[in-house]
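> Provided below for reference: sequence and predicted model.
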Amino acid sequence: MMRTVSIFGATGSVGRSTIDLIARNPDDFRILALAGNNDVDGLAQMARDVGAQVAVTANPANYGALKAALVGSGVEAAAGEQALVDAAQMGADWTMASIVGCAGLKPTMAALKAGRTVALANKESLVSAGGLMMDAARRSGATLLPVDSEHNAIFQCLAGSNLDDVARITLTASGGPFRTCTRAEMAAMTPAQAVAHPNWSMGAKISVDSATMMNKGLELIEAAHLFPVGLDRIEILVHPQSVIHSMVEYRDRSTLAQLGSPDMRIPIAHALAWPQRMATPCQPLDLARIGRLDFEAPDEERFPALRLARAAAAQGGATPAVMNAANEVAVAAFLNGAIGFLDIAMIVEDVLNRYNAPVPTAIDDILAADAQARAMAGHVMERLTA
Ligand code: NDP
Ligand code: MG
């Protein structure tokens with residue numbers, strides 16, 4: 001049966017992987033909305049190629065360029081925050097939330113409130129506003145399908161089991177490009193070295209998060225919302241080969257793991273076809289060639305982001321939103337060459353120590369905490385670089 005699809009963050013790494021799968025199955029899907037930010041030409045080309053109904057750029061300054069690039073295509077152009085929300089409410093059967101950062105929160109919330117099926121890659125929105133998002137999904141009857149490879153793996157290992165039967169969830173982590181580095185070596189690492197992930201090809205922000213291991217910290221909070229078994233039952237295990245994507249141990253001590261090649265099209269396809277399965281062009285797993293799987297405990301001394309995230313998760317309220325916002329600012333500054341690699345976690349910790357945001361009861365409270373944390377991260381950075 002033909003299903004309608006909208007993709008937020010269509011021009012990014014996850015968005016393009018989603019389009020790749022859809023383009024291989026043109027009879028199964030029809031595209032309603034595609035949304036991007038500054039890659040206007042990429043967005044327009046993609047919208048033309050797949051015959052989207054509307055293309056949205058989040059940045060209002062890009063409206064003229066997008067409209068011009070779509071002339072004669074039959075694709076409608078739209079721009080700005082409200083246009084993103086409107087597109088999320090168009091009623092697609094399946095919505096991919098793959099905007100990077102808290103910027104994805106409003107359209108994702110709109111799709112959840114409308115009771116749609118949402119495939120969630122945009123972990124920052126769930127980290128910042130997980131309680132409110134899960135509430136909204138429960139109230140509207142929306143379906144939230146995790147796309148982040150670890151969470152998709154856990155979802156598959158749970159296969160509808162009762163969470164009361166879960167003894168432990170193990171989130172695996174590659175350890176990133178600096179897994180074996182000393183702090184002194186990390187201090188000198190450049191953005192190009194930080195984004196060179198050993199196993200996965202991803203956008204710049206999540207690649208830096210993998211290098212600091214804040215990505216695993218964000219994923220811990222993401223997991224705590226999606227699979228509420230209690231924080232003390234979610235552990236992190238470094239597994240450099242990225243073959244086991246996560247595991248669930250049940251109270252009878254039976255452990256289920258999901259394995260696969262490190263290709264995001266596998267979890268995306270799982271969410272796209274759910275509750276069925278679809279074929280992908282991904283490499284089959286060749287364990288004989290891989291030969292061995294290694295595991296080690298995470299090191300919170302060298303990767304303080306892990307400690308910060310666990311503390312923020314335990315504190316709850318708006319603290320994870322504050323942590324996420326400070327991290328977004330710091331990662332952007334690192335990518336621009338304004339600060340060093342080790343400054344990222346230092347800035348996040350400084351903002352967390354200074355700012356105790358009020359407990360949020362609505363999305364606007366989250367957005368206010370996010371804005372305040374961004375401003376504070378900016379001040380911390382000014383002092384650092386003065
Ligand atoms: P990319 O940087 O490749 O893509 C980001 C997307 O978000 C682009 O489409 C970009 O538009 C858009 N975007 C950026 N800023 C804004 C904004 N302010 N408003 C609206 N849209 C915006 O990121 P990834 O695809 O790597 O990651 C996307 C999300 O998925 C992240 O939350 C990440 O953590 C998560 N994820 C990614 C994985 C991966 O393998 N890449 C794996 C697991 C999770 P444009 O390019 O047009 O400017
Ligand atoms: Mg992940």
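Cool, got the structure. Ligands and ions are numbered 1, 2, ... in the order given.

> that's a helix at residue 106, yeah?
Yes: counting by DSSP: H, G, I helix; E, B strand; the rest coil, residue 106 is located in a helix.

> check contacts around it.
Residues near residue 106 by CB atoms under 8 Å, 6 or more residues apart in numbering: 81, 84-85, 88, 363. Where C-beta positions appear, they are placed from N, C-alpha and C, glycine not excepted.

> let me see the backbone angles for the residue of the stretch 201-350 of the chain found nearest ligand 1.
Across the stretch 201-350 of the chain, no residue is closer to ligand 1 than residue 203, which sits at 2.5 Å (CB to the nearest ligand atom). Per-residue torsions, residue 203: phi -60, psi 160 (degrees, to the nearest 10).

> ok, it - how many residues close by?
By other CB atoms under 10 Å, 16 other residues sit near residue 203.

> residue numbers of this protein in contact with ligand 2?
Residues of the chain found near ligand 2 (CB under 5 Å from the ion) are 148-150.

> which parts of the helix or strand that contains residue 125 are buried?
Assigned by DSSP states H and E, residue 125 belongs to helix 123-140. Neighbour counts over helix 123-140 (16 or more other CB atoms under 10 Å) mark 123-134, 136-137 as buried.

> and these, which is closest to ligand 2?
Nearest to ligand 2 among these: residue 123, at 7.5 Å, using CB to the ion.

> for that closest one, give me its contacts.
The contact partners of residue 123, by CB under 8 Å, 6+ apart, come to 148, 218-219, 222.

> ok, 10 Å please
Residue 123 sits next to 97, 100-101, 104, 130, 146-148, 150-151, 206, 209, 215, 218-219, 221-223, 225-226, 324 when contact means CB atoms under 10 Å, 6 or more residues apart in numbering.

> repeat for residue 346
304, 330, 339-340, 380, 384.

> in helices, which of those fall?
Counting by DSSP state H, the contacts of residue 346 place 304, 330, 380, 384 in helices.

> with distance to ligand 1, pLDDT and neighbour count as extra columns, can I get those residues in CSV?
CSV is the format used below for these (distance: CB to the nearest ligand atom, whole Å; pLDDT from 0 to 100; neighbours: other CB atoms under 10 Å):
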residue, distance to ligand 1, pLDDT, neighbour count
304, 20, 98, 21
330, 15, 98, 28
380, 22, 96, 22
384, 25, 88, 16
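
> in TSV, list these along with distance to residue 285.
Shown next, in TSV, are these (distance: CB to CB, whole Å):
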residue	distance to residue 285
304	34
330	36
380	44
384	44
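
> what's the most distant pair in these?
Maximum pairwise distance among the ones in helices among the contacts of residue 346 (CB to CB): 16.2 Å, between 304 and 384.

> closest one to ligand 1 out of the residues of the chain next to ligand 2, please.
Of all the residues of the chain next to ligand 2, ligand 1 sits closest to residue 148, with 4.4 Å by CB to the nearest ligand atom.

> please tell me how far the residue nearest to that closest one when sequence neighbours are not counted sits from residue 224.
The shortest distance from residue 148 to any non-neighbouring residue, by CB to CB, 6 or more residues apart in numbering, is to residue 123 (5.6 Å). Using CB to CB, to the nearest Å, one obtains 12 Å as the distance from residue 123 to residue 224.

> can you check residue 7 too?
Distance, residue 7 to residue 224, by CB to CB: 27 Å.

> hang on, residue 325 packs against residue 347?
No: assessed by CB atoms under 10 Å, residue 325 is found out of contact with residue 347, at 11.0 Å.

> higher neighbour count, those two?
Shown here are residue 325 and residue 347; by other CB under 10 Å, residue 325 has more neighbours (31 against 25).

> assign the more buried one to helix, strand or coil.
Recorded secondary structure, residue 325: helix (three-state DSSP).

> next: residue 263.
Secondary structure, three-state DSSP: residue 263 is coil.

> residue contacts, the residue nearest to it when sequence neighbours are not counted?
Distances taken as CB to CB, 6+ apart place residue 282 nearest to residue 263, at 4.4 Å, with adjacent residues excluded. The contact partners of residue 282, taken as CB under 10 Å, 6+ apart, are 21, 260-266, 269.

> name the residues of the stretch 1-150 of the chain found near ligand 1, please.
Contact residues, the stretch 1-150 of the chain versus ligand 1 (CB under 6 Å from any ligand atom): 9-15, 36-39, 43, 58, 98-100, 103, 121-124, 148.

> kindly report the same for the stretch 151-300 of the chain.
Residues of the stretch 151-300 of the chain lying near ligand 1 (CB under 6 Å from any ligand atom): 200, 202-206, 264.

> and of the residues you listed, the nearest to residue 141?
Once CB to CB is applied, the member of these that ends up nearest residue 141 is residue 264, at 27.4 Å.

> now the phi/psi pair for that closest one, please.
Per-residue torsions, residue 264: phi -60, psi -20 (degrees, to the nearest 10).

> and it, how many neighbours does it have?
Close neighbours of residue 264, defined as other CB under 10 Å, add up to 23.

> residues in contact with the closest residue to it other than its chain neighbours?
Leaving aside its sequence neighbours, residue 264 sits nearest to residue 17 (CB to CB, 6+ apart; 4.9 Å). Shown in contact with residue 17 (CB under 10 Å, 6+ apart): 96, 98, 121, 147, 201, 263-269, 280.

> quick revisit: more neighbours: which of residue 7 and residue 224?
Higher neighbour count among residue 7 and residue 224: residue 7, with 31 against 23, using other CB under 10 Å.

> which residues touch the more buried one?
By CB under 10 Å, 6+ apart, the contact set of residue 7 is 14-16, 18-19, 22, 31-36, 46, 50, 52, 87, 92, 94-99, 119.

> cutoff 6 Å now
15, 18, 34, 96 (CB atoms under 6 Å, 6 or more residues apart in numbering).

> just among those, which is most surrounded?
Neighbour counts for the contacts of residue 7 (other CB under 10 Å) peak at residue 96, which has 31 neighbours.
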